[in-house]
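Q: quick check, what structure comes out for this input:
(one chain, ligands or ions: 1)
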Amino acid sequence: QDTGLRDPQLLKCCSYINGRWHHSEPTLAVTNPANGEVIAEVSNAGIAETELAVSAARNAFKAWSAKTANERATLMRAWFNLVMENQDDLGRLLTLEQGKPLAEAKGEIAYGAGFIEWFAEEARRVYGDTIPAPSGDKRIVVIKQPVGVVAAITPWNFPNAMIARKAAAALAAGCTFVVRPATQTPLSALALAELAERAGIPAGVFNVVIGDDAKGMGKVLTQHPDIAKFTFTGSTPVGKALISQCATTVKKVSMELGGNAPFIVFDDSDIDAAVDGALVSKYRNAGQTCVCTNRILVQQGVLNEFTEKFTAAVAALKTGDGLAEGTQVGPMISSDAVSDVEALVQASVAAGAKVVLGGAKDGSGDAFYQPTILSGVTNEMPIAKNEIFGPVSPIIAFEDETDAIAMANDTDYGLAAYFYSRDIGRIWRVAEGLEYGMVGINEGIISNAAAPFGGVKQSGNGREGSKYGLDDYLEIKYLCMGGL
Ligand code: ADP
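A: Next up is the predicted model:
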């Protein structure tokens, strides 16, 4: 298929290992979720190629970690510049394989690039410590060193940014990197590799292996003795299995897992602002982000007003192919994903929820589901208990602040939460009471490279982005200098 890229060389069709494109047969078809058409056939790599990539990263580690922070920063800056120069093509490729509207896809490219830029700068600020010693003939010095080879497994919902966010921190710290992206969306990952090569990042430092043997390749990436750290973004059940696999070689682990984000609207909130916030927080990427609003909790006094205004705003959203002008909600990743959402909606309607808007497949194609609103939902219904990962807003009514906090926290997840209020006392009480890693206060979009992204409870551990984001890729070494 003609992808319409200005630079057709950005469409790569095989794994990138040790600075080489690794052709093999058979191939995997990459399809466009908007229409089911095949965009490209990509070589299907497996365990052997994954091991090859790990050994390439192992061999490249010595020279990459020995570079000065400044040298690494300069190469990363060049990579950032190339990503931004090719933002239009990368956005187009992302929409083709993932489905999100083009404006969102280009936004993701800039967001992902933001981490490369951020960590290129942070590379220069890996400071150590000196500590007062317990006796006069000693000195205590703390230095930080890269952990070693980093392995990553990433999901399809942010095919660029979930890789950039991990790789940028790893490379800045002096680590080398192997990623296995989701097979639904390999093209964005491979385009990043092509640009890393053009930027002059040395062979073996950034490796991408594409293959559908998730379990087999996952075993290599979680158990290989040459890998020091494993980082994963994906679902909680898979994350749990991978953590236990990492135990066999005591790897450092970071996990960005599922969420069940509450979006709380208090009586004293600016309702129009809350409607805008809920709209972007819920419907971007057709509801397929781990920080998407999963439950809208609305205080009784503003329940009718919020529901009416929110319904009008959601009804006005334009659904369609992400490449079509004006599309606000694209397809879901697959028709299977649509079936999962359908089942959750049906089970909740059977349990007493009412469909205010949507509630069915969308005529635009097999992978489309209508932007949907359910009212009369309780915190016990399946739609509130599970991560929806689709364009459905369950509205749950509550009486008071204590209720809202208790309902919001009544989940095993703890990634993002949102609430709207103009009362400064309430803002502090609720912000401190929510058991979540990130809280948006009068804000529906909170992710950026300067801020620490991550969850608590079963949403994971570790933080990505911000000044804290390098910590997961660095070891602390204590030097005791005696005999002075
Ligand atoms: P989702 O597909 O809903 O985003 P998953 O957790 O299933 O969430 O997938 C996230 C990533 O983990 C994908 O790249 C997927 O291929 C990979 N994956 C799924 N199951 C396993 C497994 N058992 N071992 C290793 N990787 C896996």
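Q: out of everything not next to it in sequence, what's closest to the residue of the stretch 251-400 of the chain at minimum distance from the ligand?
A: The ligand sits closest to Phe389 of the stretch 251-400 of the chain, with a gap of 6.8 Å, by Cβ to the nearest ligand atom. Where you see a C-beta, it was placed from the backbone N, CA and C, and this is true even at glycine. In space, and not counting its chain neighbours, Phe389 is closest to Gln288: 5.2 Å by Cβ to Cβ, 6 or more residues apart in numbering.
Q: is the residue of the stretch 251-400 of the chain closest to the ligand in a helix, a strand, or coil?
A: When classified by DSSP: H, G, I helix; E, B strand; the rest coil, Phe389 comes out as coil.
Q: show me what contacts it?
A: Taking Cβ atoms under 8 Å, 6 or more residues apart in numbering, we find Phe389 in contact with Gly287, Gln288, Cys292, Ala337, Asp340, Val341.
Q: would you agree the fifth one is in contact with Asn386?
A: Same thing as Asp340. No: with contact defined as Cβ atoms under 8 Å, Asp340 does not reach Asn386; the gap is 9.0 Å.
Q: so Gly200 touches Ala78, yeah?
A: Yes: counting by Cβ under 8 Å, Gly200 touches Ala78, with 6.2 Å between them.
Q: quick one, which of those two is more surrounded?
A: Neighbours were counted for Gly200 and for Ala78 using other Cβ atoms under 10 Å; Ala78 has more, 18 against 10.
Q: just the element for the more buried one, please.
A: Using DSSP states H and E, Ala78 sits within helix 69-85.
Q: give me phi/psi at the residue nearest to Thr411 when sequence neighbours are not counted?
A: Nearest non-adjacent residue to Thr411, counting by Cβ to Cβ, 6+ apart: Asn260, 4.5 Å away. In terms of degrees, to the nearest 10, the main-chain angles of Asn260 are phi -150, psi 70.
Q: is it true that Asn260 touches Arg295?
A: Yes: with contact defined as Cβ under 8 Å, Asn260 and Arg295 form a contacting pair (6.9 Å).
Q: looking at those two now, which is surrounded by more residues?
A: With neighbours defined as other Cβ under 10 Å, Asn260 and Arg295 compare such that Asn260 has more, 27 against 24.
Q: ok so, going back, the contacts of Phe389 in helices, which ones?
A: Ala337, Asp340, Val341 (DSSP state H).
Q: so the last one touches Asn386, yeah?
A: No: using Cβ under 8 Å as the test, Val341 is too far from Asn386 to be in contact (10.0 Å).
Q: give me the common contacts of the two.
A: By Cβ under 8 Å, 6+ apart, no residue touches both Val341 and Asn386.
Q: please say which of these two ends up with more neighbours.
A: More crowded of Val341 and Asn386, by other Cβ under 10 Å: Val341, with 22 against 17.
Q: any idea how far Ala343 is from the residue nearest to Leu90 when sequence neighbours are not counted?
A: Among residues not flanking Leu90 along the chain, Ile109 sits closest, at 4.7 Å (Cβ to Cβ, 6+ apart). Here Ile109 is placed at a distance of 33 Å from Ala343 (Cβ to Cβ, to the nearest Å).
Q: quick one: mean pLDDT for stretch 188-205?
A: Taken as a whole, stretch 188-205 has a mean pLDDT of 98.
Q: check the offset of that stretch from the chain's centre.
A: 20 Å (Cα atoms, centre = their mean, to the nearest Å).
Q: give me the buried stretch members for it, please.
A: For stretch 188-205, a neighbour-count test (16 or more other Cβ atoms under 10 Å) marks 188-197, 199, 201-202, 204-205 as buried.
Q: what about the ligand: which of those residues touch it?
A: The subset of the buried residues of stretch 188-205 within reach of the ligand, counting by Cβ under 6 Å from any ligand atom, is empty.
Q: closest to the ligand out of these?
A: Nearest member of the buried residues of stretch 188-205 to the ligand, counting by Cβ to the nearest ligand atom, is Ala189, at 10.3 Å.
Q: tally of neighbours for the residue in the chain positioned nearest to the ligand?
A: Nearest residue of the chain to the ligand: Gly218, at 2.4 Å (Cβ to the nearest ligand atom). A total of 21 residues lie near Gly218 under the criterion other Cβ under 10 Å.
Q: using the three-state scheme, assign it.
A: helix.
Q: show me what from this structure comes close to the ligand.
A: Ile153, Thr154, Pro155, Trp156, Ala182, Ala214, Lys215, Gly218, Gly234, Ser235, Val238, Ala241.
Q: how many neighbours does the third one have?
A: Right, Pro155. 21.
Q: if I look at it, how far off is Ala182?
A: The separation that Pro155 has from Ala182, given Cβ to Cβ, amounts to 5 Å.
Q: now do the second one
A: Taking Cβ to Cβ as the measure, Thr154 and Ala182 are separated by 6 Å.
Q: same question for the last one.
A: Ala241 sits 16 Å away from Ala182, going by Cβ to Cβ.
Q: neighbour count winner among these two?
A: Neighbour totals were compared for Ala241 and Ala182, and Ala182 leads with 22 against 14 (other Cβ under 10 Å).
Q: which stretches of the chain form helices?
A: So, for the chain - with DSSP H - the helices run 47-66, 69-85, 87-98, 102-122, 161-173, 186-199, 214-223, 236-247, 271-283, 303-315, 335-350, 382-385, 401-409, 424-433.
Q: most packed of those?
A: helix 161-173 (a mean of 29; mean count of other Cβ atoms under 10 Å).
Q: got the angle between it and helix 69-85?
A: With axes from the mean of the first three to the mean of the last three Cα atoms, to 10 degrees applied, the angle from helix 161-173 to helix 69-85 works out at 160 degrees.
Q: what about helix 161-173, distance to the chain center?
A: 12 Å.
Q: for stretch 344-356, same thing?
A: 29 Å.
Q: now that stretch: average pLDDT?
A: Here the average pLDDT along stretch 344-356 is 98.
Q: ditto for stretch 301-314
A: Mean predicted confidence for stretch 301-314 is 98.
Q: Ala408 contacts Val439, correct?
A: No: between Ala408 and Val439 there is no contact under Cβ under 8 Å: 10.1 Å.
Q: how many other residues sit next to Arg125?
A: Neighbour tally, Arg125, other Cβ under 10 Å: 10.
Q: distance check, the nearest residue to it once chain neighbours are set aside against Lys67.
A: Excluding its sequence neighbours, the residue lying closest to Arg125 (Cβ to Cβ, 6+ apart) is Lys467, at 7.7 Å. Distance, Lys467 to Lys67, using Cβ to Cβ: 21 Å.
Q: neighbour count winner among those two?
A: Lys67 (16 against 13).
Q: so the more buried one touches Gly174, yeah?
A: Yes: with contact defined as Cβ under 8 Å, Lys67 reaches Gly174; the gap is 7.4 Å.
Q: ok so, going back, shared neighbours of Ala408 and Val439, anything?
A: Ala417.
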